[in-house]
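Asks: Could you look at this predicted model? Sequence included:
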Amino acid sequence: MSTPDTYDVVVIGSGPGGYVAAIRAAQLGLKTACIERESLGGICLNWGCIPTKALLRSAEVYETVHKAAEFGVIVDGARPDFAAMIKRSRGVAATISKGVAFLLKKNKIDHVPGTARIAPRPSAWKPHEVIVRAADGSERTLTARNVIVATGARAKTLPGVTLDGTRLIEYRKAMTLPEQPKTLVVIGAGAIGVEFASFYRSIGTEVTIVEYLPTLVPNEDIDVSKELARSFERRGIKLLLGHKVGGATNHGDRATVSVTPREPANAPAVELTADVVLVATGIAANTEDLGLAEVGVAIDRGFIKVDDHNRAADGIYAIGDVIGRGLAHVASAEGVYVAEVIAGQHAIPVDYTTVPACTYCHPEIASVGLTEAKAKAAGIAVKVGKFPFKPLGKTMAAGEYPGFVKVLWNAANGALVGAHMIGPAVTDLVGEMTLAKSTEVTAESLIHTIHAHPTFAEALKEATEDALGRAIHL
């Protein structure tokens, strides 16, 4: 007979991986608890995906107001209210966190606040024990037949850069600054870096991006990276690509960053001065104090090592950022999969070749599948098509001109190899191409699918027609 603190599944962490895993487990009839040391929803819902999009939406509205005269609307005296933008962003995050609490309660999942540690099993046939320390120092022990670790990750810094939360900051602080900086240096040009650069530039901050690699958003197709660089430079964002950061210093009323070009060799260092320096150079997994080594969980380059079923040890699974996946929707998919594995269902593994990636700067970026360079390196012959958004009727009506859709179709069998987009609404459009990548859609079947007119989605069809040498509007 089970006791009140005995569970089929204990999930550590309530981000998009953790709370989804908990809900799916509960749906499958498993008694489930979810442990969270901060706010329900984890980093993504409270400090990442959602509040950053709220800030970017505020910036978008402000930019649209400034262009209102182009649409026949006269607006005088518009200005950004930075404090109000921050307040709205935090309110959106709080609302969604409450929504997670509602979902846990609805699915009869026990929410256990506190910090978790997995205790060594007394014997191989005994269930795991998870010790939860509450904020007041009290402890509670949960007995778990299965444990899912979904503790996520945090921002990491660089050698020579010590974050202080005032002048030298990471992304969480960038969402709660007491006042808008006049100047900002962003170190790192991945999704987090370019999103904050885009937001702050939109509301008038002078922004410089420093990136070690030679392109913005280095994981994206080179054509997308080049288009984003052109767009950012037109907006007045200064780009120092191919530069190494030697260190950063808080001088009280300002901060300085020492950067050196990677080429030519022995190039002199350049000192940048700004009100704030934002370090956006990647993440470090939250694996400390969980007792992982004692229960046989291996760490690989800082992340939990798992097998093909997300199993880290007997009865212990891990999902999401803590294993290095890095995307909220991947963590959710892994959460569903692991819950179904535990429940003995016919679980369908996550297909990592069909995962879409989205960056919500202006212009937006979205992609799925291989870049052209990676397809070439893999020896895959592709037919490449490209279509700019500018000629579309919907684009002209909306006043959104930059960007394009680029598609790569397998020359042998017509299957989608990759799709890469930059421009209006592409983070929504990528859904169609993700479905094409994960099913048996071919180039021929896509161009014979009627796309509504006028829509941005027509660019997907037009780009595919271009790949087959049948472009109508180019």
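Replies: Arrived safely. Numbering: from 1, shown residues only.

Asks: Can you give the contact residues for stretch 87-97?
Replies: 39-41, 45-47, 50-52, 54-55, 58, 175-176 (C-beta atoms under 8 Å, 6 or more residues apart in numbering). For glycine as for every other residue, the C-beta is placed from the backbone atoms N, C-alpha and C.

Asks: Likewise for stretch 154-161?
Replies: 43, 163, 168, 170-172, 187, 245-248, 258, 277, 279-284, 286.

Asks: just stretch 51-66 next, same as before
Replies: Contacts for stretch 51-66 (C-beta under 8 Å, 6+ apart): 75, 78, 80, 85-86, 88-90, 92-93, 171, 175, 195-196, 198-199, 202-203, 360-362.

Asks: Just the buried ones from those residues, in ChimeraX syntax?
Replies: This is the ChimeraX syntax for the buried subset of those, where burial follows 16 or more other C-beta atoms under 10 Å:
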select :80,85,86,88,89,90,92,93,171,175,195,196,198,199,202,203,360,361,362
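
Asks: Which residue ranges of the stretch 251-400 of the chain form strands?
Replies: Assigned by DSSP state E, counting those that start in this stretch, the stretch 251-400 of the chain shows strands spanning 255-261, 270-274, 276-279, 283-285, 299-300, 303-304, 311-313, 316-318, 357-359, 364-369, 382-388.

Asks: could you turn the last one into PDB, dropping everything but the C-alphas?
Replies: Pointing back at strand 382-388 there. Provided in PDB are the C-alpha atoms of strand 382-388 (Å, rounded to 0.1, in the frame of the first residue of the first chain):
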ATOM      1  CA  VAL A 382      19.500  19.500 -53.100                       C
ATOM      2  CA  LYS A 383      17.400  21.800 -55.200                       C
ATOM      3  CA  VAL A 384      17.500  25.200 -53.700                       C
ATOM      4  CA  GLY A 385      14.700  27.700 -54.000                       C
ATOM      5  CA  LYS A 386      14.400  31.300 -52.700                       C
ATOM      6  CA  PHE A 387      11.700  33.800 -52.700                       C
ATOM      7  CA  PRO A 388      11.700  37.300 -51.100                       C
END
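
Asks: Might you calculate how far that strand sits from the centre of the chain?
Replies: Relative to the chain's own centre, strand 382-388 is displaced by 26 Å; criterion: C-alpha atoms, centre = their mean, to the nearest Å.

Asks: oh, and call the first residue 670 from now on, that's how I've got it
Replies: Yep, numbering from 670; the last one is strand 1051-1057 now.

Asks: quick one: contacts of that strand?
Replies: In contact with strand 1051-1057 (C-beta under 8 Å, 6+ apart) are residues 892, 1041, 1044-1045, 1072-1080, 1086-1087, 1112, 1128, 1131-1137, 1140, 1142-1143.

Asks: next one: the second one
Replies: With C-beta under 8 Å, 6+ apart as the contact definition, strand 939-943 has outside contacts at 850, 852-854, 877, 879, 909, 912, 923-930.

Asks: Domain-wise, how is the protein divided?
Replies: Domain assignment of the chain by automatic domain parsing yields the ranges 675-823+953-1021, 837-950, 1032-1136.

Asks: measure the shortest one end to end?
Replies: Counting by C-alpha to C-alpha, to the nearest Å, you get 24 Å between the two ends of domain 1032-1136.

Asks: List the contacts of Ser894.
Replies: Residues in contact with Ser894 (C-beta under 8 Å, 6+ apart) are 884-887.

Asks: Roughly how far does the residue nearest to Phe1073 when sequence neighbours are not counted sit from Thr1133?
Replies: Leaving aside its sequence neighbours, Phe1073 sits nearest to Pro1057 (C-beta to C-beta, 6 or more residues apart in numbering; 4.5 Å). Per C-beta to C-beta, to the nearest Å, Pro1057 is found 14 Å from Thr1133.

Asks: Have a look at those two and say which one is more surrounded.
Replies: When neighbours are counted by other C-beta atoms under 10 Å, Thr1133 comes out ahead of the other of Pro1057 and Thr1133, with 28 against 19.
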